[in-house]
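**Q** here is my input, please return the structure:
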Amino acid sequence: MSKHGRILVAMSGGVDSSVTALMLHEQGYEVIGVTMKTWDYAAGGTGKRITGCCDLDSINDARDLAVSRGFHHMILDLRGEFGPKIIGNFTSEYMAGRTPNPCVLCNTFIKWEALLKRADMLECELIATGHYANVREEGGRWVVSKGKDHDKDQSYVLWGLEQKNLARTRFPLGGFKKTEIRQMAAQSGFPNLAGKSDSYEICFIPDNDYRAFLRRKDPEAFERLAHGKFVGTDGTVLGEHDGYPFFTIGQRKGLGIALGKPMYVTEIIPGSNTVVLGEKEALEKQTAWVRDPNFQKVAILEGEMETVTKIRYKDQGTPATISMEGGRVRVDFHAKVSGIAPGQSAVFYDGEDVIGGGFLDRDPIQP
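**A** Sure thing, here's the model as predicted:
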């Protein structure tokens, strides 16, 4: 009989999830490790040697660790769900002129749903992942907060998790820094574990070339989109591009056009295959709109609330006042922010705690 009960641990084969499983095992939990196979890496078509999470080598590493410590491990094939929901959304968002955030969608609609379903089948009360974040109950609600290591904090990608899921979730690494986790890995008896590199790419684009990925998904569409127009903020035609899905708001590098001064993507107009370029000041705004919000620290947003709002993962956040208006969250920043990209996530913080979040939207609402 285990000391703390049975817990299902998501194991990608990387250092963070491996240490998570080892830590919980040593604490007396009955650990069951599960590796989620979300993508057919062998068919990726990139020509690059895969070194990210959940490839064949990583799956084998996770299994070997579990076997060596005497706990169960299984592989969960999620390719059927992952393709339509995550990859399909990824391509459709770019075709709509938005910049998708696949990790948020995967956490919200694929990984947690699959983990909890399997946990129920295996009579596991709890699940655990290697995210650098914390979760606690306060005032009858489950609240996600930033991890101790702010450089590695992953609370930003967890805003979509609902209360019923958070109640059964544990983040054992939230109280540690990455350097401490690597030290634990080095002392674990698995010599190669501590030196494993972090994976920063989108899992189904291991070469990080999303443009090539989009071309492979729908080559005919991009033949039709060739010879699109770059225009200035005044409407002046500045040149041609290979298709609006290849650009994101705030982009400066890789435009393929020289104009004698730094220019940035300020707007994407899918209907006319137009990319608007402007100087940095044209990117600055003080209001943003957020669709499909999910709230964690509060049940509903009533009136106005003071927050620090992040509009991208590495954003430090900007003080802002949020309120509901027409089913969306209106974000009034207290200072101008640059590069609000529709499709990306806006996450609202109260100190270290996640109030909630949603997807940045166009304003006014456009198709």
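**Q** contacting residues for the residue nearest the centre of the chain?
**A** Geometric centre of the chain, nearest residue: Cys103, 2.9 Å, by C-alpha atoms, centre = their mean. Shown in contact with Cys103 (C-beta atoms under 8 Å, 6 or more residues apart in numbering): 157, 202. Backbone N, C-alpha and C define where each C-beta goes, glycine included.
**Q** the helix or strand containing Ala320 - contacts with which helices or strands?
**A** In this assignment (DSSP states H and E), Ala320 forms part of strand 318-325. In terms of contacts (3 or more C-beta pairs under 8 Å, 6 or more residues apart in numbering; DSSP states H and E), strand 318-325 is packed against strand 305-310, strand 328-338.
**Q** most tightly surrounded among the ones you listed?
**A** Per-stretch averages of neighbours, counted by mean count of other C-beta atoms under 10 Å, single out strand 305-310 among the helices and strands packed on strand 318-325, with a mean of 20.
**Q** surely Thr287 meets His334?
**A** No: here Thr287 does not reach His334: they are 11.3 Å apart, not a contact under C-beta atoms under 8 Å.
**Q** chain center to whichever strand or helix holds Ile268: distance?
**A** According to DSSP H and E, Ile268 maps onto strand 264-269. Relative to its parent chain, strand 264-269 has a centroid offset of 23 Å by C-alpha atoms, centre = their mean, to the nearest Å.
**Q** how about the helices in the chain?
**A** For the chain, the helices defined by DSSP state H occupy 15-26, 56-69, 79-82, 88-95, 102-105, 112-121, 163-166, 178-186, 210-217, 219-225.
**Q** could you dump the fifth one to PDB, C-alpha only?
**A** Presented in PDB, the C-alpha positions along helix 102-105 are these (Å, rounded to 0.1, in the frame of the first residue of the first chain):
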ATOM      1  CA  PRO A 102      -0.800  25.400 -29.800                       C
ATOM      2  CA  CYS A 103       0.700  24.700 -26.300                       C
ATOM      3  CA  VAL A 104      -2.300  26.400 -24.600                       C
ATOM      4  CA  LEU A 105      -4.800  24.500 -26.800                       C
END
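**Q** could I get the buried residue list for it?
**A** 102-105 (16 or more other C-beta atoms under 10 Å).
**Q** quick one: which of those is nearest Ala299?
**A** Val104 (20.9 Å; C-beta to C-beta).
**Q** need the helix or strand of this structure with the lowest average pLDDT.
**A** helix 79-82 (a mean of 89; mean pLDDT, DSSP states H and E).
**Q** where in this protein is pLDDT low?
**A** 1-2, 41-54, 200-201, 364-367 (pLDDT under 70).
**Q** can I see the domain layout of it?
**A** Residue ranges for the domains of the chain, per automatic domain parsing: 6-186, 218-278, 283-361.
**Q** how about the ones you listed in TSV, adding distance to Cys203?
**A** What follows is these, written out as TSV (distance: least, C-beta to C-beta, whole Å):
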stretch	distance to Cys203
domain 6-186	6
domain 218-278	19
domain 283-361	15
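**Q** closest to Ser197 out of those?
**A** Closest approach to Ser197 among the domains of the chain (C-beta to C-beta): domain 6-186, 7.3 Å.
**Q** how long is that closest one end to end?
**A** 26 Å (C-alpha to C-alpha, to the nearest Å).
**Q** residue contacts, the residue lying closest to Asp332 once chain neighbours are set aside?
**A** Using C-beta to C-beta, 6 or more residues apart in numbering and skipping residues adjacent in sequence, the residue nearest Asp332 is Thr321, 4.7 Å away. Shown in contact with Thr321 (C-beta under 8 Å, 6+ apart): 304-307, 331-332, 334.
**Q** with Arg211 instead?
**A** Contacts of Arg211 (C-beta under 8 Å, 6+ apart): Phe246.
**Q** what do you get for Leu161?
**A** 107-108, 112, 144, 169, 294, 296.
**Q** gap between it and Leu238?
**A** 43 Å (C-beta to C-beta, to the nearest Å).
**Q** just Glu267 next, same as before
**A** Glu267 sits 13 Å away from Leu238, taking C-beta to C-beta as the criterion.
**Q** again with Arg252
**A** Distance of Arg252 to Leu238, given as C-beta to C-beta: 14 Å.
**Q** look at those two and report which has more neighbours.
**A** Under the criterion of other C-beta atoms under 10 Å, the comparison of Arg252 against Leu238 puts Leu238 first, with 16 against 13.
**Q** please name the nearest non-neighbouring residue to that one.
**A** Of all residues not flanking Leu238 in the chain, Phe230 sits nearest, at 4.3 Å (C-beta to C-beta, 6+ apart).
**Q** run through the bridge partners of that neighbour.
**A** In this entry, Phe230 is beta-bridged to Gly239, Val275, by DSSP bridges.
**Q** quick one: it and Arg98, what's the gap?
**A** Phe230 sits 19 Å away from Arg98, going by C-beta to C-beta.
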